[in-house]
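**Student:** here's my sequence, what's the structure:
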Amino acid sequence: MFSPAERLFRRSEGKKKLIIMNIDTVYFILEIIGTLAFAVAGVIVAFDEKLDILGAIVLGFVTAVGGGILRDIILGYLPPAVFRAPLFSVIAFCASIVAFVIAYFMGRRIMEHNRQWFQVLNVFDSIGLAAFTVGGVNAAHSVGFAENSYLCIFVGVLTAVGGGVLRDIMAGRVPVILKKRVYALAAIAGACIYQGLYEFTSLSKSVIIIISLTSILLIRLLATVFHWNLPSLKNTQD
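**Tutor:** I've put the predicted structure just below:
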């Protein structure tokens, strides 16, 4: 028999575990959404560059899982997780094929409603950015680097934007994050918020994750609505 205090303690611990499980489930769903969105973003670049189906699949795959591969290489987790548990690889591969087929047969119609498609994709892309940023910081924490703030923040941002950078380089473009959109900045802010709350507050990991995810989403969506961009260099001859 347990005393009332012990029963209360066990009940509270059970609730904490349930909350953690729910957070893990939500986070897993967000990662899937992000993987889908990033894969589609890669195929859109392939569509713009008039690549064939192989090129579209490669760009979609790299965009979706490239950041995670770079993260694991830096953290010394080899072979990278994407090769140990291929779920996200399968999702990226299938999403790339579906996106290519849709673009191939409905490309003209998509271009006619380009603005609406962009808005929908941007929401999912922002979810992916948030999920992968937090996932990158989490990964650094899980392998023992929680006290190395610079590494945790760097890995979080790299996980979120690394795939897009690899995609643009492979497509022969200047990476988008270097010339427009408050994109990498949102990931940097979210990673800093995560690490700062972890180091300087006593908040639980689940609360920190929620705050960080929400911060990144808000920054990205506000930047889209109000057309925020960082100052850029102008060529006086243009």
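
**Student:** all helices for this protein, in order.
**Tutor:** Remark: helices assigned in the chain by DSSP state H are 4-48, 53-75, 81-84, 87-112, 114-142, 149-170, 184-200, 205-226.

**Student:** which elements pack onto the fourth one?
**Tutor:** Contacting helix 87-112 under the criterion 3 or more Cβ pairs under 8 Å, 6 or more residues apart in numbering; DSSP states H and E are the following elements: helix 4-48, helix 53-75, helix 81-84. Backbone N, C-alpha and C define where each C-beta goes, glycine included.

**Student:** how about JSON lines for these, with mean neighbour count, mean pLDDT and distance to S212 added?
**Tutor:** Output for the helices and strands packed on helix 87-112, formatted as JSON lines (neighbours: other Cβ atoms under 10 Å; pLDDT from 0 to 100; distance: least, Cβ to Cβ, whole Å):
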{"stretch": "helix 4-48", "mean neighbour count": "16", "mean pLDDT": "69", "distance to S212": "11"}
{"stretch": "helix 53-75", "mean neighbour count": "23", "mean pLDDT": "95", "distance to S212": "16"}
{"stretch": "helix 81-84", "mean neighbour count": "15", "mean pLDDT": "90", "distance to S212": "20"}
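
**Student:** out of these, which is closest to G107?
**Tutor:** helix 4-48 (6.8 Å; Cβ to Cβ).

**Student:** quick one on the thing from earlier: looking at the helices of the chain, which is nearest to V176?
**Tutor:** Here helix 149-170 is closest among the helices of the chain (Cβ to Cβ), at 6.1 Å.

**Student:** ok, G68 touching R84?
**Tutor:** No - using Cβ atoms under 8 Å, G68 is not in contact with R84, being 11.1 Å away.

**Student:** circling back: between the helices and strands packed on helix 87-112, which one is nearest to I91?
**Tutor:** helix 4-48 (5.0 Å).

**Student:** what's the burial count for L87?
**Tutor:** Here the number of neighbours of L87 (other Cβ atoms under 10 Å) works out to 13.

**Student:** thought V82 was touching V65, still the case?
**Tutor:** Yes - with contact defined as Cβ under 8 Å, V65 counts as touching V82 (4.7 Å).

**Student:** now do the shared contacts for those two.
**Tutor:** F88, S89 (Cβ atoms under 8 Å, 6 or more residues apart in numbering).

**Student:** great, nothing more from me.
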